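Q: Here's a sequence, model it:
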Amino acid sequence: MSKETPVDLRTTFDQVPDLYDRARPTYPAAVFDDLDDLTGLPAGARVAEIGCGTGQATIPMAERGWRVTCVELGATTAAYARRKLAHRADVEVINADFETWTPGRAGFDAIASFSAFHWLSQEARYQRTADLLADHGQLIIFSTAHVQPADGDRFFTDVQEDYEAVVPDDPLTIAGGPRPPEEIGELSDGVLLAELGGSGRYGHVRIRHYLWDVVYAADRYIDVLGTYSNHIAFDDDIKTRLTDRIRRRIEARPGGTVRKTYLGLLYVADRL
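A: This next block holds a predicted model:
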């Protein structure tokens, strides 16, 4: 694996915006239905989205009548999102680093981050977001994790052999396979609640969890792997050896598919 720092890894997604848009699963519709109830945001509410990517969460937010300002770090990804969302007058895509971005007008009704919040510094997560919100504005955080429930697909235990054979020193290989959803949920809830409370800027946190499966054939699963920052950062030789092994493992299975279980974690916090 390349000697990338976490900050460097933020930029890897900018290499594959078209693949990301095609391969990554979309968010469950229930998430946005719940956001309506949890936030109570009216039509016309101003929402800043941190790291919009290719707009997978932007569109359902705009469809609720919210005016969304997307702040996307990657220039190529921002251009892709701008083309994709060009038909929406209620969406603006800005190519900028949220941590240093200066909006023409602050006082947002909400700031949302879908699958990007963990890339921010601690200061930006709570102090900077609070500074850009209106009084009683809301912070929306949604993250996903790959989990292994009791009835989950054993493939994700078996495939660790391939990672150990090709990238034994990678931190995710060392960490082992996916963990149970209840373990991840409890850990994430505890960390976020402690950080939000400790910041002194947020209170009244609402939490929702979502669990869903996606079935992948070999080619589609390899495409998904190609959108993960650590896989993008692998050297070409390592990437080829690893994906060839994984592809053969999937194709040898009955039906030639894998079933991946995702856990979604939604947090909505009020600015104090």
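
Q: Please count neighbours and contacts with C-alpha atoms only from this point.
A: Noted.

Q: quick one: the strands in this protein?
A: 46-50, 67-72, 91-95, 108-114, 133-147, 202-217, 257-271 (DSSP state E).

Q: wait, which of those strands is closest to Ala81?
A: Comparison of the strands of the chain against Ala81 by CA to CA identifies strand 91-95 as nearest, at 7.1 Å.

Q: could you give the angle of that closest one to strand 46-50?
A: 40 degrees (axes from the mean of the first three to the mean of the last three CA atoms, to 10 degrees).

Q: Strand 91-95 pairs with which strands?
A: strand 67-72 (parallel) (DSSP bridges).

Q: residue contacts, the residue nearest to Ser115 when sequence neighbours are not counted?
A: Nearest residue to Ser115, sequence neighbours excluded (CA to CA, 6 or more residues apart in numbering): Ser143, at 4.7 Å. Contacts for Ser143 (CA atoms under 8 Å, 6 or more residues apart in numbering) come out as Phe114, Ser115, Ala116, Phe117, Gly264, Leu265, Leu266.

Q: and among the strands of the chain, the most buried is which?
A: Sort the strands of the chain by mean neighbour count, taking mean count of other CA atoms under 10 Å, and strand 46-50 sits at the top with a mean of 26.

Q: Packing partners of that strand?
A: strand 67-72, strand 108-114 (3 or more CA pairs under 8 Å, 6 or more residues apart in numbering; DSSP states H and E).

Q: So which of those is nearest Leu38?
A: Closest among those, once you apply CA to CA, is strand 108-114, at 11.9 Å.

Q: Paired strands for the closest one, with orientation please.
A: If you go by DSSP bridges, strand 108-114 pairs up with strand 46-50 (parallel), strand 133-147 (parallel).

Q: so what's the closest residue to Ala269 other than its chain neighbours up against?
A: What sits nearest to Ala269 in space, not counting adjacent residues and going by CA to CA, 6+ apart, is Val205, at 4.3 Å. Residues near Val205 by CA under 8 Å, 6+ apart: Leu193, Tyr267, Val268, Ala269, Asp270.

Q: now the residues you listed in JSON lines, with distance to Gly53?
A: Shown next, in JSON lines, are the contacts of Val205 (distance: CA to CA, whole Å):
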{"residue": "Leu193", "distance to Gly53": "26"}
{"residue": "Tyr267", "distance to Gly53": "20"}
{"residue": "Val268", "distance to Gly53": "21"}
{"residue": "Ala269", "distance to Gly53": "23"}
{"residue": "Asp270", "distance to Gly53": "25"}
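
Q: Dump the helices and strands packed on strand 46-50 into JSON lines; add distance to Lys84 as well.
A: Listed next are the helices and strands packed on strand 46-50 as JSON lines, based on distance: least, CA to CA, whole Å:
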{"stretch": "strand 67-72", "distance to Lys84": "13"}
{"stretch": "strand 108-114", "distance to Lys84": "18"}
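
Q: To Asp97, which of the ones you listed lies closest?
A: So among the helices and strands packed on strand 46-50, strand 67-72 is nearest, using CA to CA, at 6.8 Å.

Q: pLDDT of that closest one, averaged?
A: The average of the pLDDT scores along strand 67-72 is 97.

Q: can you pull out the helices in the stretch 151-272 of the chain?
A: Ranges of helices in the stretch 151-272 of the chain, per DSSP state H, counting those that start in this stretch, are 155-158, 160-166, 171-175, 181-199, 218-225, 229-233, 236-251.

Q: separation between Phe98 and Ser113?
A: Separation of Phe98 from Ser113 (CA to CA, to the nearest Å): 11 Å.

Q: With Arg259 instead?
A: Look at Arg259 and Ser113: by CA to CA, they are 26 Å apart.

Q: repeat for Gln15
A: Per CA to CA, Gln15 is found 21 Å from Ser113.

Q: and what of Val191?
A: 17 Å.

Q: on that earlier part again, so which of the strands of the chain is nearest Lys239?
A: Short answer: strand 202-217, nearest of those by CA to CA, at 18.6 Å.
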